[in-house]
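Participant: Based on what follows, work out the 3D shape:
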Amino acid sequence: MIHVTKLNGTDMVLNADLIEFVESTPDTLISLTTGRKVMVKEGLDDIVERIVAYRRRSVSHPVPVGGEGSIFDPERRQ
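Facilitator: Below you'll find the model as predicted:
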């Protein structure tokens, strides 16, 4: 997830995994795989940096999907 600011000044958090492309038109337009488009105050390079930082965090702190203690662990008691 990345934080962005819409043109009206409202803060928004976007799922970076859903970003299809980003363009500068001259405002920054983020197109999502869902078809939704969001105009933001941040520049193109800033958005790219935030996406890269998000990906680095995701890789360095992966979410466990199995094994002891995981919600997918069949031995775990609710």
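Participant: In the sheet, which residues pair with the closest residue to residue 28 other than its chain neighbours? Tell me.
Facilitator: Excluding the flanking residues, the one nearest residue 28 by CB to CB, 6 or more residues apart in numbering is residue 40, at 5.0 Å. Placement of C-beta: from N, CA and C, glycine included. Beta-bridge partners recorded for residue 40 (DSSP bridges): residue 6, residue 28.
Participant: for residue 40, what are its contacts?
Facilitator: 4-7, 12, 27-30, 47 (CB atoms under 8 Å, 6 or more residues apart in numbering).
Participant: What separation is there between it and residue 59?
Facilitator: Distance of residue 40 to residue 59, given as CB to CB, to the nearest Å: 25 Å.
Participant: Find the nearest non-adjacent residue to residue 34, please.
Facilitator: residue 18 is the one closest to residue 34 (CB to CB, 6+ apart), at 6.2 Å.
Participant: Give the burial count for residue 2, as a bare number.
Facilitator: 19 (other CB atoms under 10 Å).
Participant: Can I get the host helix or strand of residue 38 in CSV, CA atoms only?
Facilitator: Applying DSSP states H and E as the criterion places residue 38 in strand 37-40. The C-alpha coordinates for strand 37-40 follow below in CSV (Å, rounded to 0.1, in the frame of the first residue of the first chain):
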residue,chain,number,x,y,z
LYS,A,37,-8.2,6.1,-12.4
VAL,A,38,-6.9,8.4,-9.7
MET,A,39,-5.3,11.9,-10.2
VAL,A,40,-2.8,12.7,-7.5
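Participant: Since that was my last question, I'll sign off now.
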